[in-house]
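>>> For reference, the sequence and a predicted model appear below.
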Amino acid sequence: MRVPILRLGRVLLTSLPADLTDQQVMDLQIDALALIQAGKADGLVIDITAADVVDSYMARILSETAKMVTIMGGVAVLAGMQPAVALTLVEMGRGMIDMETAFDLEGGVAKVARLVASRGGRHDEVPIA
Amino acid sequence: MTKSRSPDRSASEPAVGTETHAVVEIRVQNDILLARQASRKAAAALGFGTVDQTRLATIVSELTRNALTYAGGGACRVLTRLTAQERCIVIEVEDQGPGIADVTGALARGYSTGGGVGLGLAAVHKLMDDMTIETRPGRTLVRTGMTRRR
Ligand SMILES: Nc1ncnc2c1ncn2[C@@H]1O[C@H](COP(=O)(O)OP(=O)(O)OP(=O)(O)O)[C@@H](O)[C@H]1O
Ligand SMILES: [Mg+2]
C-alpha cells in the first residue's frame, strides 16, 4: 500500500505510518517528486510523528528526497520526530538526517511557506505593490 | 570484532537460561518489519525503556536488511535472558549468503559494496553493548546484545 499524500494549497502533506517497508519509502519519494514536478505544489512536509524506527535506509531516502525537492526549486521539511528516534539517529552518527526539520506538522507547513516565500516561489513573481 | 563493556558476560556466548523469544524468517521486506516488532515486544516485556526499544528495533532493521540485500534472506532470532542482576536481549541474524569479505572494513562508516552508505553495521556497533560477527562463504552470523541492570 502506498502512503497517501494530501495537498493543502501549494504544500504536500504526508503522515508516515508506524512501520513502513523500504519500497513504501521509495514509492513516497517517487509520488512526491512527481506531484512537485507536475506543478501541484512547491513544498512537502513529511510528518513522522508515528514512525518509531528511522534506520539508515529511511534516513537516507528522506534526506535524498529533500535534496531532490530542493534542487527542483522546492522545499521539504521533516516534522514531528519522536525523541527516542532522534536520540537513536544522533547516536548512529553525524549526518544521518540532512534536511529541514520542524517540531510538528503545523510547524512544518509554516516552515515550508516561509522558505518558499523567501525564495520567491515557483514563478518568482514580482510582488504587486 | 567484539565490543564488550563486560567481557565476562559477553553476548557472544549465549548463557544458560537464555530464552528464545522469537524467530523471524527474513525472505521479503515485510519480514524486516516483523523482526523489528518482535524485538521491540521482547524489549518491552523485559522492561526496557522506549529509547532502548527504539535502538533495538533500529539495529534489527539494519541487520535483517543486510541479510536480505546481501544474502537474499536469513533468519533473525530474538533471545532474552533474565538473571537476578540483569536483563539482556541478544539479537542473532544469520544468513547463508556469500559472507562478508572484509569484516573490519564493513564495520567502518562509509564502507559499502551494495549501493548503501555503509552506516548499518557501524550503527549496530554504536547502539549495542557488544557485537560479534562470524562470517565465511555460505554463512554469516551477527550476534549483538544489550544488557541493563534490573
Ligand atoms: N549479511 C551480509 N552478507 C554479506 N555481506 C554483508 C552482510 N552484511 C553486510 N555486508 C557487507 O558489509 C558492508 C557494510 O554493511 P553496512 O550495513 O554497514 O552498510 P551498507 O549495507 O552497505 O549500507 P547501509 O546499511 O548504510 O544502507 C556491505 O556493503 C556489504 O558489503
Ligand atoms: Mg546495511
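On my side now, so go ahead. Ligands and ions are numbered 1, 2, ... in the order given.
>>> Could I get the full set of strands for the chain?
Unless you meant another one, I'm taking chain A. Here chain A has its strands, by DSSP state E, at A:6-8, A:11-15, A:43-47, A:75-79, A:100-102.
>>> Chain B, not that one
Going by DSSP E, chain B shows strands at B:19-26, B:74-82, B:86-95, B:130-136, B:139-149.
>>> Could you dump these into TSV and include distance to ligand 2 and mean pLDDT?
Backbone N, C-alpha and C define where each C-beta goes, glycine included. Below are those laid out as TSV (distance: least, Cβ to the ion, whole Å; pLDDT from 0 to 100):
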stretch	distance to ligand 2	mean pLDDT
strand B:19-26	13	94
strand B:74-82	13	96
strand B:86-95	11	97
strand B:130-136	13	97
strand B:139-149	11	97
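>>> how near is residue A:40 to residue B:101?
46 Å (Cβ to Cβ, to the nearest Å).
>>> Next, count neighbours for the residue lying closest to residue B:108 once chain neighbours are set aside.
Spatial nearest neighbour of residue B:108, excluding adjacent residues (Cβ to Cβ, 6 or more residues apart in numbering or on different chains): residue B:122 at 6.5 Å. Using other Cβ atoms under 10 Å in any protein chain shown, residue B:122 has 20 other residues around it.
>>> same thing with residue A:32?
Neighbour count of residue A:32, defined by other Cβ under 10 Å: 24.
>>> Repeat that for residue B:82.
Neighbourhood size, residue B:82 [other Cβ under 10 Å]: 15.
>>> Contacts only, for it.
Residue B:82 sits next to B:17, B:46, B:88, B:150 when contact means Cβ atoms under 8 Å, 6 or more residues apart in numbering or on different chains.
>>> What's the separation between the residue nearest to residue B:76 when sequence neighbours are not counted and residue A:25?
Setting aside the residues directly before and after it, residue B:76 is nearest to residue B:35 in space (Cβ to Cβ, 6+ apart), at 4.2 Å. Distance, residue B:35 to residue A:25, using Cβ to Cβ: 17 Å.
>>> Of the two, give the one with the bigger neighbour count.
Remark: of residue B:35 and residue A:25, residue B:35 carries more neighbours, 29 against 19, as counted by other Cβ under 10 Å.
>>> Could you check how far that one is from residue B:29?
Residue B:35 sits 11 Å away from residue B:29, going by Cβ to Cβ.
>>> Which parts of chain B are helices?
Using DSSP state H, the helices of chain B run over B:29-45, B:50-71, B:103-107, B:120-127.
>>> quick one on the thing from earlier: my guess is the residue nearest to residue B:76 contacts residue B:74. True?
No - using Cβ atoms under 8 Å, residue B:35 is not in contact with residue B:74; the gap is 10.0 Å.
>>> Please enumerate the shared neighbours of these two.
Joint contacts of residue B:35 and residue B:74 (Cβ under 8 Å, 6+ apart) are B:26, B:64.
>>> Find the nearest non-adjacent residue to the closest residue to ligand 1 within chain A, please.
Residue nearest to ligand 1 within chain A: residue A:56 (4.1 Å; Cβ to the nearest ligand atom). Nearest in space to residue A:56, with sequence neighbours left out and distances taken as Cβ to Cβ, 6+ apart, is residue B:119 at 4.3 Å.
>>> Contact partners for the one you found?
Taking Cβ under 8 Å, 6+ apart, one finds A:56, A:92-93, A:96, B:109-110 in contact with residue B:119.
>>> Name the residue of chain B that lies nearest to ligand 2.
Ligand 2 sits closest to residue B:120 of chain B, with a gap of 2.8 Å, by Cβ to the ion.
>>> how near is the residue nearest to residue A:56 to residue B:43?
22 Å.
>>> Residue A:57 now?
21 Å.
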